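# I would like the atomic coordinates for the input below:
(one chain, ligands or ions: 3)
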Amino acid sequence: MPTLHLRGATPAAAEADLLALPVTEEEVKALSGPLADLDRRLSGHLAAAVRDEGFTGKADATLVLHTLGRLPAARLCLVGLGTRRGAGSPEALRVAAGHAARAAGRAGARSLAVVVPAGLDPADGVRAAAEGALLGAYRFDRYLSKQKPARPERVAVVLPRGQERAAAAKEAARLAEATAGAVAWARDLVNEPPAACTPSALARAAEELGRAAGLRVEVRGRREIAALGMGMFLGVTRGSAEEPRLVKLSWIPKGAAGKRPPLVLVGKAVTFDSGGLSLKPTESMVTMNSDMAGAAAVVGAMRVVAALAPPFPVHALFGACENMPGGRAYKPSDVLRACNGKTVQVTNTDAEGRLVLGDVLAWAAATLKPAALVDVATLTGACVVALGPTVAGVLGPDGPVVEAVLEAARRSGEELWRLPLPEALRDNLKSDVADLKNTGERWGGALTAGLFLQEFTGGVPWAHLDVAGPSHTTKERGYWSKGGTGVPLRTLVELVRSWKPA
Ligand code: BES
Ligand code: MN
Ligand code: ZN
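Numbering: from 1, shown residues only. Ligands and ions are numbered 1, 2, ... in the order given. The predicted structure follows:
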């Protein structure tokens, strides 16, 4: 990741290989704000370029021009924020900064400076510009034998002179750097092929992160998972030649605060989901190395949690395994027993995430006495049908946890939309031979999955985030590169930052 710096300067005085200036459509039209001064210094060439290239300042548009020695910055990059109505949000700036980082890469710039537009709170602006630029510079290229264009090595966020010394601005820069680093860590794991990111490799990566961050780490293997009675988890992993892992990372503050009821995050960690004997079709299977994105997000968030050092405990848990067909695989019509004693008839081996999560949620609820449980999972294609590929679903009973998650998402810039847990669908999960079956009927698949998970939350206040859509992207978008996005890591960070311990 590039290094991050704060600078105090006017746009005209900022030094960089590429200086990015986010602008609204209104500013471009009137050539107002910092554009007027820059155009004067460039002898009208800026206005000419804007006109000739048809740059209007709409969102996602960029215009790069060489400054021919007229400015300390070698190149100027105008980045569209859209119309003023949408342009005032930190997220618009985050997206613009992401485009700026890509433009810097294309121009071969080693250093990028991003101007925080006036009108935004400076700390919010620093955070958004820094996160956008650092994440926009992200690339997963370790398996490419031909090098792509370089990316910037240094990112500077530019504030009006003096403001760069404010404690809030410095704090925002530190938080953005920690968050972007964690997101890049999570993206890397999501992007790794499944032969590299096996359950034990994922556990090792989490363990390394935890140790480096000063967290408590526990890693359990098959025998301990069996001893805990996690029959659903064991059922899913049976068809795989890879060993399962149960991992717990814990932030526990010193003193009395360490005894408070914890916030517990649980991530889905299926390192490859073939569907099992209910095998997926070829095309649906290709991206199923990303079926551990929930775990990557909750573990990545823990790195930021360790830096935030909140005055209450936070745990991140995941049960890692593969879902594979094979001679030992669990079968449709098998009956599994969860660690909370509930029995489940398997009607579809491709509904594996809820089985592993159910065991881990029940274990967390019983052993950690959480103030709240939040699980993150690439759980259903139905959620993608409902909300599209960029919006995550949040399900859970009415109450402060779902509300806090929605509010955290709003502040983070990640898109989250609430879905219901309709009582009418509960009957779908009734089985003739066991307490539950693992799939309902087709309609409302994301909701049935939520209702299934709820059976394992032990009445603990809970929210379930279905990130099957936005955890992964097939299109470059804003500060998202193709592949893992890190969603909803930033929401989790905001949730911890705003959490009020009981
Ligand atoms: N990992 C998938 C869900 C998924 C689908 C994630 C698309 C990302 C993109 C999950 O394990 C799954 O297979 N769910 C099934 C559930 C069904 C069998 C009830 C699904 O969505 O089809
Ligand atoms: Mn599946
Ligand atoms: Zn899955």
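# So which bits of the stretch 151-300 of the chain are right by ligand 3?
V270, D273, D291 (C-beta under 5 Å from the ion). Just so you know, the C-beta spots here come from the backbone N, C-alpha and C atoms, and that holds for glycine as well.
# Return the residues in contact with G388.
G388 is in contact with G469, counting by C-beta atoms under 8 Å, 6 or more residues apart in numbering.
# Kindly provide the distance from it to ligand 1.
Going from G388 to ligand 1 by C-beta to the nearest ligand atom, to the nearest Å gives 12 Å.
# hey, what's whichever residue of the stretch 251-400 of the chain sits closest to ligand 3 bridged with?
Of all residues in the stretch 251-400 of the chain, the one sitting closest to ligand 3 is D273 (3.6 Å; C-beta to the ion). As for beta bridges, D273 partners with N323 under DSSP bridges.
# Contact partners for it?
Per C-beta under 8 Å, 6+ apart, neighbours of D273: K280, M285, M288, D291, E322, N323, D350, E352, G353.
# one step back: can you narrow the residues of the stretch 151-300 of the chain next to ligand 3 down to the ones near ligand 1?
Here is what survives when these are matched to ligand 1 using C-beta under 6 Å from any ligand atom: D273, D291.
# Closest to K331 out of the residues of the stretch 151-300 of the chain next to ligand 3?
Nearest to K331, judged by C-beta to C-beta, of these is D273 at 16.6 Å.
# pLDDT score assigned to the closest one?
Looking at D273, its pLDDT is 99.
# where's it relative to M288, distance?
4 Å (C-beta to C-beta, to the nearest Å).
# does R187 count as helix, strand or coil?
Classification of R187 using DSSP: H, G, I helix; E, B strand; the rest coil returns helix.
# what's around the closest residue to it other than its chain neighbours, how many residues?
Leaving aside its sequence neighbours, R187 sits nearest to G484 (C-beta to C-beta, 6 or more residues apart in numbering; 4.0 Å). When neighbours are defined as other C-beta atoms under 10 Å, G484 has 28 of them.
# quick one: G484 and M292 touch, right?
No - in this structure G484 lies outside contact range of M292 using C-beta atoms under 8 Å: 9.7 Å.
# any common contacting residues for these two?
L189, V190.
# one step back: give me the common contacts of D273 and M288.
K280.
# tell me the domain boundaries of this protein?
Following the assignment in automatic domain parsing, the chain carries domains at 3-160, 181-498.
# how about the residues of the stretch 151-300 of the chain near ligand 1?
D273, D291.
# Okay, buried residues for the lowest-mean-pLDDT helix or strand in the chain please.
Least confident helix or strand, the chain: helix 84-87 with a mean of 81, by mean pLDDT, DSSP states H and E. Residues of helix 84-87 classed as buried by neighbour count (16 or more other C-beta atoms under 10 Å): A87.
# now the helix or strand that it is followed by, how far from the chain's geometric center?
Scanning forward in sequence from helix 84-87 by DSSP states H and E, the next helix or strand is helix 90-107. Distance of helix 90-107 from the chain centroid (C-alpha atoms, centre = their mean, to the nearest Å) equals 18 Å.
# For the following helix or strand past helix 90-107, the averaged confidence score.
Counting by DSSP H and E, the next helix or strand C-terminal to helix 90-107 is strand 111-115. For strand 111-115, the mean per-residue pLDDT is 98.
# Could you list the residues of the stretch 401-502 of the chain in contact with ligand 3?
Residues of the stretch 401-502 of the chain lying near ligand 3 (C-beta under 5 Å from the ion): none found.
# Look at the residue of the stretch 401-502 of the chain found nearest ligand 1 and say how many residues are nearby.
For the stretch 401-502 of the chain and ligand 1, the shortest gap (C-beta to the nearest ligand atom) falls at A468, measuring 3.6 Å. Residues within reach of A468, counting by other C-beta under 10 Å, total 27.
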